[in-house]
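*Asks:* I need the structure of the sequence given here:
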Amino acid sequence: MPINIPEKLPVRQRLQEEKIFVMDENRAIEQDIRPLNILIINLMPEKERTELQLLRLLGNTPLQVNVTFMNMATHKSKNVSKSHLDEFYNTFEEVKNRRFDGMIVTGAPIEHLQFEEVTYWEELTEIMEWSKENVTSTLNICWGAQAALYHHYGIEKYELPKKCFGIYSHKVSDPTIKLVRGFNDEFNAPHSRYTSIAKDEIEKDPRLTLLAKSDDAGAFIVISNDEKNIMVTGHFEYDADTLAEEYGRDLEKGIEIDVPENYFPNDDVTKEPLNTWRSHTHLLFSNWLNYYVYQETPYEWK
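*Replies:* All right, here's what the predicted structure looks like:
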């Protein structure tokens, strides 16, 4: 089934080239089925790249999805044009009177800051509070996951001795939980962060279940027992070359950074890395949309 996006969104052509099923608003209106309404709070600097990564995944399910993008009114984006934001993004003020079946909160390269030091923290916490009554289920990614764990459950992040950077193996703790239905007992996923969340803090909180973890990368997938919040501390959505580009950017900036672990073949940066996590990425997004959004959201919000 298709994903419904604005006709002029620049990444639309890329999605069509990749055979992702997209449709425009006019065709969607003619269909009788009720689409899912998903709000994406895109906090990443390269917004168009993140749009493409997430829309690929939302567009590869049997469900019709309407997507609304949101940016922070209290933050000025430097890596995307104002015209792009004006045409394709909304602020919270513009959507707060609506209800959404699902919400995605992306990561953001601001881990060095305490949460309260983030310029848009107050705005984001208002949105997270609003989501309790107006969103069926929220998928929080990387920094977004850490922010959700801190705001909703009081679990602090802590600084790592060095960047968690590479592809790591993870184990599923309970394969009967719907979110990981179809997962292998062990699977790979990318991480790129300087901070982490203590596994024991999650495991001792009766409101949370640590669903997947790594000996090297720590806690990875966390789900609240009311299924309202899902926290993924890594970047399942990353392309095969995303870590390579991050590595190159860090080197250009003079940042001391190790080669991403378990990423380049034989740790040779001249060789093209392989995507070894794609199938589980699609499973996670498909399971989230089906079991936690489509199966739970009301047909008509009251």
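*Asks:* In the stretch 201-302 of the chain, mark out all the helices, start to finish.
*Replies:* For the stretch 201-302 of the chain, helices defined by DSSP state H, counting those that start in this stretch occupy the ranges 242-252, 278-287.
*Asks:* Turn those helices into a markdown table, columns for distance to Pro260, mean pLDDT and mean neighbour count.
*Replies:* C-beta coordinates here come from the backbone N, C-alpha and C atoms, glycine included. Below are these laid out as a markdown table (distance: least, CB to CB, whole Å; pLDDT from 0 to 100; neighbours: other CB atoms under 10 Å):
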| stretch | distance to Pro260 | mean pLDDT | mean neighbour count |
| --- | --- | --- | --- |
| helix 242-252 | 5 | 95 | 16 |
| helix 278-287 | 17 | 96 | 19 |
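*Asks:* ok, which stretches of the stretch 1-150 of the chain are strands?
*Replies:* Ranges of strands within the stretch 1-150 of the chain are 3-4, 22-23, 36-41, 65-70, 89-90, 100-105, 135-141, based on DSSP state E, counting those that start in this stretch.
*Asks:* Of all the ones you listed, which one comes closest to Ser77?
*Replies:* strand 89-90 (9.1 Å; CB to CB).
*Asks:* List the pairing partners of the closest one within its sheet, with orientation.
*Replies:* strand 65-70 (parallel) (DSSP bridges).
*Asks:* Hey, what's the angle from the strand it pairs with to strand 36-41? Just curious.
*Replies:* With axes from the mean of the first three to the mean of the last three CA atoms, to 10 degrees as the basis, strand 65-70 and strand 36-41 are set at 20 degrees to each other.
*Asks:* Now do strand 65-70: everything it contacts.
*Replies:* By CB atoms under 8 Å, 6 or more residues apart in numbering, the residues outside strand 65-70 that reach it are 2-5, 28, 35-42, 51, 55, 58-59, 88-92, 95, 100, 289.
*Asks:* angle of that strand against strand 100-105?
*Replies:* Using the same axes, to 10 degrees, strand 65-70 lies at 50 degrees relative to strand 100-105.
*Asks:* now strand 65-70: mean pLDDT?
*Replies:* On average, the pLDDT along strand 65-70 is 96.
*Asks:* quick one: that strand to chain centroid distance?
*Replies:* 14 Å (CA atoms, centre = their mean, to the nearest Å).
*Asks:* same check, this time on stretch 78-96
*Replies:* The gap between where stretch 78-96 is centred and where its chain is centred comes out at 18 Å by CA atoms, centre = their mean.
*Asks:* Which positions within it qualify as buried?
*Replies:* Neighbour-count burial for stretch 78-96, counted by 16 or more other CB atoms under 10 Å, picks out 80, 84-85, 88-90, 92, 95.
*Asks:* of the helices of the stretch 201-302 of the chain, which approaches Thr233 most closely?
*Replies:* Nearest to Thr233, of the helices of the stretch 201-302 of the chain and by CB to CB, is helix 278-287 at 12.8 Å.
*Asks:* distance between that closest one and the chain's centre?
*Replies:* On CA atoms, centre = their mean, the centre of helix 278-287 falls 12 Å from that of its chain.
*Asks:* and the contacts of strand 65-70, which are buried?
*Replies:* By 16+ other CB under 10 Å, the contacts of strand 65-70 give 2-5, 28, 35-42, 51, 55, 58-59, 88-90, 92, 95, 100, 289 as buried.
*Asks:* Run a quick neighbour tally on Met72.
*Replies:* 21 (other CB atoms under 10 Å).
*Asks:* Now do the nearest residue to Tyr299 once chain neighbours are set aside against Asn287, distance only.
*Replies:* Closest residue in space to Tyr299, ignoring its immediate chain neighbours: Arg34 at 6.1 Å, by CB to CB, 6 or more residues apart in numbering. Plainly put, Arg34 is 20 Å away from Asn287 if you go by CB to CB, to the nearest Å.
*Asks:* Alright, calling it a day.
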